[in-house]
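Asker: Prediction below, plus the sequence it came from.
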Amino acid sequence: MVLLPEKSRYDAEGLHAETPPNFRFKNLSQSLQESQLGRATFYHNITEVHGFQCVDQTSYAGHIGLKGDSDSSPRRSFFWYFEAENEATTAPVILTIGGGPGTSAMMNTLWGQSPCLATEDGLVDNAHRWTEHHNLLALDHPMGTGFSYGSMVNNSRSAAYDVYDFLQKFFVLFPHLTRNKFVISGGSYGGVHVPNIATVIHEQNQLLARGAGQPRAVHINLEALILSNPLSNPKAHWTWLLHYRCTLHSIYNATTCRDLHARLSACLESIDMAFDIPTRPNRRAALELCSELNAGDTHGVDTEDIRRTCDPDSDPQSPTGCHPEFAWVEGTNIFANGSAVRRALGLAPELNFTGLNLDVNRAFSAEGDLMRPHHLLYPPLLSAGIRLLHYVGAQDANCAWPGVFSFLKLLQTPFQAAFLAAPDVPWPSEDVATVRTVGNGSGAGSMAYILVKEAGHFTVKDQPALAKKIVEHWIADEAFFDSQNGKKGT
């Protein structure tokens, strides 16, 4: 049994009551009595994190109870929030989540985004942290992922409402951040999560503007989305998957390619059926048929980075054979029971952590959640002025770049014609990426696609300096380099 702290209360007419003794509001410009949510009651247990050499700035971690949460049936999301090193009170907030579904946000967070970098020996300083100019909010999403625990959901839309609920309560705790730009970042299955989260936020913002929506909720200043090697459109993904694995690269042998190409049309027809008649059986059938195309023998090649091979003796259900970083994060020096990191985060030793929760993964698969046209959520967001960036590692055969590029070209948005006509501009000097960007003004653009030649599924891990530069320029809406509008860089 997990031993849990008691529920805390917030009173709009007085100061916060029953605050855990290890929680202090530091450098916050408003107190809880100024919260726009007024009187509200919800579980929270937050710790101000100390004891890490790699975290110089203020950092908080903990759990917030979501809708339906109770002591007997908990629903509690875990987050780790890092204040920006510069001008934290006005710096943009980046919400970062994992993929999977069921992969902890702590992976990308500790693989390159946060001030702390996961190594085999524990956490060390990260020279390429995103927190120099941005507040970073890492959220274990959906429920059951990472350190989040309690009753789970099985689809991305319901999970997105959980994020909206979490954010409204997070802004009760950190009300000064409601004025800041808000950016959502994710990759892989984040290509499903991110557009759904953004859509729910946008819809609720519209309701609030009309005087409706959740009582006393705050407007979230959703500015931009950042996607890394996402899978948003399953039909585009599987249309081009074998082209990548058989034609562009010899990941499958000729016999396997011939066999799987014969099954491709059935896969694509089943996706059409799932889109046209969106029942659970149709989605499940499409997922089962199309998953066969992923099952060819790669002879040890890591499909998430085709330059590498995986440990042949590893558990095929575990990511650690191809990514030892999973074991580092779960291991003794970071999130394992008894570690100094867990103690600093205020986590109970009874609380389990897994980098990839297969129960969450199975629940979403059983619902066939992937087999929905999630990519169609992007055009309304772009039309509303919410900017969209995809930066994609070219060495990834899991969410391969041809499928991503294909669905972006076919999106019917205000920028489609310009995007189709735009040149692929070589990244100057480093020659590790090309950029295609369109939109209003001369900055980073409203819709951008960057192909990173020397990265796999996790660009933040493979090219951390480049990832940081891309993210900083995108959020600031500054050109990625001086010559991106056509002339060869130097």
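Answerer: Ah, there it is.

Asker: so where's the longest helix in the chain?
Answerer: In the chain, taking DSSP state H as the definition, the longest helix is helix 254-276.

Asker: Can you name the element that comes right after it?
Answerer: Along the chain past helix 254-276, the next helix or strand (assigned with DSSP states H and E) turns out to be helix 280-291.

Asker: buried ones in that following helix?
Answerer: Asn282, Arg283, Arg284, Ala285, Ala286, Leu287, Leu289, Cys290 (16 or more other Cβ atoms under 10 Å). Placement of C-beta: from N, CA and C, glycine included.

Asker: how about those in JSON lines, adding pLDDT?
Answerer: Converted to JSON lines, the buried residues of helix 280-291 look like this (pLDDT from 0 to 100):
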{"residue": "Asn282", "pLDDT": "97"}
{"residue": "Arg283", "pLDDT": "97"}
{"residue": "Arg284", "pLDDT": "97"}
{"residue": "Ala285", "pLDDT": "97"}
{"residue": "Ala286", "pLDDT": "97"}
{"residue": "Leu287", "pLDDT": "96"}
{"residue": "Leu289", "pLDDT": "96"}
{"residue": "Cys290", "pLDDT": "96"}
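
Asker: Of the residues you listed, just say which sits nearest to Leu370.
Answerer: Taking Cβ to Cβ as the measure, Leu287 is the one of those closest to Leu370, at 6.2 Å.

Asker: okay but that closest one is in contact with Gly368, surely?
Answerer: Yes. Taking contact to mean Cβ atoms under 8 Å, the distance of 5.1 Å between Leu287 and Gly368 places them in contact.

Asker: joint contacts of those two?
Answerer: Contact criterion Cβ atoms under 8 Å, 6 or more residues apart in numbering; no residue bridges Leu287 and Gly368 by contacting each.

Asker: Pick the one among the buried residues of helix 280-291 closest to Trp238.
Answerer: Taking Cβ to Cβ as the measure, Cys290 is the one of the buried residues of helix 280-291 closest to Trp238, at 4.9 Å.

Asker: Ignoring the adjacent residues along the chain, who's closest to the closest one?
Answerer: For Cys290, the nearest residue in space outside its immediate sequence neighbours is Cys267; the separation is 4.1 Å by Cβ to Cβ, 6 or more residues apart in numbering.

Asker: so what's the one you found up against?
Answerer: Cys267 makes contact with Trp238, Ala286, Leu289, Cys290, Glu292, Leu293, according to Cβ under 8 Å, 6+ apart.

Asker: Which residues are in contact with the second one?
Answerer: Contacts here follow Cβ under 8 Å, 6+ apart; on that basis Ala286 touches Pro234, Cys267, Ser270, Ile271, Met273, Ala274, Gly368, Met371.

Asker: what's the helix or strand for Val360?
Answerer: Assigning secondary structure by DSSP H and E places Val360 in helix 358-367.

Asker: Could I get the buried residue list for the following helix or strand past that helix?
Answerer: Next helix or strand after helix 358-367 toward the C-terminus (DSSP H and E): helix 378-383. For helix 378-383, a neighbour-count test (16+ other Cβ under 10 Å) marks Tyr378, Pro379, Leu381, Leu382 as buried.

Asker: Please name the nearest non-neighbouring residue to Ala340.
Answerer: By the measure of Cβ to Cβ, 6+ apart, the closest residue to Ala340 outside its immediate chain neighbours is Gly51, 6.7 Å from it.

Asker: what's around that neighbour, how many residues?
Answerer: Applying other Cβ atoms under 10 Å, we find 10 residues neighbouring Gly51.

Asker: list the contacts for Gly191?
Answerer: Gly191 neighbours (Cβ under 8 Å, 6+ apart): Leu227, Pro230, Leu231, Ser232, His374, Cys399.

Asker: Spatially nearest residue to Asn155, not counting backbone neighbours?
Answerer: For Asn155, ignoring the flanking residues on the chain, the nearest one in space by Cβ to Cβ, 6+ apart is Asp369 at 4.7 Å.
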